[in-house]
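K.L.:
coordinates only, sequence not included:
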């Protein structure tokens, strides 16, 4: 086989691998996204809109939802706004029915809504734990139940749970949020095995995120002396959106986005005591800036803060945020990278044999 023939075959195989990904992007026609008014939920809506999808936007804040709708329509999609507090199971069910009545059968349901409190455990209240749990954990359960009610009879569809490395590794000052993410992970394990037992074609996946530049740090309730920040390194929301979009269209059990999450999850499995030690010394400082927090600023634990102001997709950390993730590219292009590696190895072997024959 000549070098030219080998290169031509490699090119055709690589193009087939890329084409498979492109074709898959058009399978999701109707998508529901909770927490869609800002941050990662909104970035994900924009990503699906680029496929021309019909997208139901669920969140509490009216201005944020209107802004998300404009973004979706500008990107080529169709948007349906449904103001919803995901801690209300009846409201979530009603939203799901409205989506099917107005947009059609739901292909993808993405749970992304969340709230949190930055605070030491000793200063937390029972009401705060209850609220974070109701939104960040039970909101996912209610969304999943609404999706399953419609997907199981049709024996198709995808449910994506937007998680975090904190589903495996709790950190200081975010106990309520970490507890909720741990709960989602356990819930998914149980549901996944039930779907497997029933031989269901409904796909369930959980996407574990690193730290992202979203507006949540502008509105999260906080008792920290400094302004809250994501733990560096920080990534832009579009990276998460790309991963969530991919996870919805490919049958991967779990997708980790960003090397920090890979490091945290694997490291905690191997040396959890060392992780405890590091976080006890660095976990406080890394979650806040040197700027003093305003204890009187509005927060969104009980009421939305984006009813009159649209916070958009990005937070205030654009200058520090990364716009690419080689780790995400690698994990979503395993086949392609394997083919390239095999092709390069074969090319090297052909070249070596050719030199021997010449000699």
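P.N.:
That came in fine, so what should we check first? Please read all numbers here as calculations on a predicted model, not as lab measurements.
K.L.:
How many residues are close by the residue nearest to residue 301 when sequence neighbours are not counted?
P.N.:
Leaving out its chain neighbours, the residue that sits closest to residue 301 by C-beta to C-beta, 6 or more residues apart in numbering is residue 221, at 4.6 Å. (Glycine included, C-beta is placed from N, CA and C.) By the criterion of other C-beta atoms under 10 Å, residue 221 has 20 neighbours.
K.L.:
so what's residue 221 up against?
P.N.:
115-119, 128, 299-301 (C-beta atoms under 8 Å, 6 or more residues apart in numbering).
K.L.:
Recalculate using a threshold of 6 Å.
P.N.:
Listed by C-beta atoms under 6 Å, 6 or more residues apart in numbering, the contact set of residue 221 reads 117, 299, 301.
K.L.:
quick check, nearest of those to residue 209?
P.N.:
Nearest to residue 209 among the contacts of residue 221: residue 117, at 18.7 Å, using C-beta to C-beta.
K.L.:
The closest residue to that closest one other than its chain neighbours and residue 279, how far apart?
P.N.:
With sequence-adjacent residues excluded and distances taken as C-beta to C-beta, 6+ apart, residue 117 is closest to residue 221, at 4.7 Å. Residue 221 is 21 Å from residue 279, where distance means C-beta to C-beta, to the nearest Å.
K.L.:
which element is the residue lying closest to residue 71 once chain neighbours are set aside on?
P.N.:
In this structure, residue 71 finds its nearest non-sequential neighbour in residue 46, 5.2 Å apart by C-beta to C-beta, 6+ apart. Assigned by DSSP states H and E, residue 46 falls within helix 39-49.
K.L.:
can you list contacts of that helix?
P.N.:
31, 33, 35-36, 55, 68, 71-72, 75-77, 112, 214-216, 237-238, 240-241, 244-245, 313.
K.L.:
Out of those, which sit inside strands?
P.N.:
The strands, defined by DSSP state E, take in 31, 33, 55 from the contacts of helix 39-49.
K.L.:
Neighbour count and distance to residue 309 for those - can I get that in CSV?
P.N.:
What follows is the ones in strands among the contacts of helix 39-49, written out as CSV (neighbours: other C-beta atoms under 10 Å; distance: C-beta to C-beta, whole Å):
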residue, neighbour count, distance to residue 309
31, 30, 26
33, 30, 20
55, 31, 22
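K.L.:
measure the residue nearest to the spatial centre of the chain to residue 44 for me?
P.N.:
Geometric centre of the chain, nearest residue: residue 162, 4.1 Å, by C-alpha atoms, centre = their mean. Applying C-beta to C-beta, the value for residue 162 to residue 44 is 8 Å.
K.L.:
likewise residue 165?
P.N.:
Look at residue 165 and residue 44: by C-beta to C-beta, they are 18 Å apart.
K.L.:
Comparing those two, which shows the higher neighbour count?
P.N.:
Counted by other C-beta under 10 Å, residue 165 and residue 44 do not tie: residue 44 has more neighbours, with 31 against 25.
K.L.:
mind listing the strands for the stretch 51-200 of the chain?
P.N.:
Applying DSSP state E, counting those that start in this stretch to the stretch 51-200 of the chain gives strands spanning 54-59, 78-83, 108-111, 117-118, 158-164.
K.L.:
For residue 250, find the nearest of those strands.
P.N.:
strand 158-164 (9.2 Å).
K.L.:
Now do the closest one against helix 39-49, angle only.
P.N.:
150 degrees (axes from the mean of the first three to the mean of the last three C-alpha atoms, to 10 degrees).
K.L.:
so where is the stretch 251-359 of the chain shaky, pLDDT-wise?
P.N.:
Scanning the stretch 251-359 of the chain for pLDDT under 70 picks out 337, 341, 343-359.
K.L.:
can we see that at 80?
P.N.:
333-359 (pLDDT under 80).
K.L.:
got the residue ranges for the helices in it?
P.N.:
Applying DSSP state H, counting those that start in this stretch to the stretch 251-359 of the chain gives helices spanning 259-270, 272-282, 326-332, 334-358.
K.L.:
Taking helix 259-270 as reference, get the angle to the second one.
P.N.:
Regarding helix 272-282 and helix 259-270, their directions subtend 130 degrees when assessed with the same axes, to 10 degrees.
K.L.:
Report the distance from helix 272-282 to the chain centre.
P.N.:
How far helix 272-282 lies from its chain's middle: 26 Å, per C-alpha atoms, centre = their mean, to the nearest Å.
K.L.:
May I see the buried residues of it?
P.N.:
By 16 or more other C-beta atoms under 10 Å, the buried positions in helix 272-282 come out as 275, 279.
K.L.:
Kind regards, and thank you for your time.
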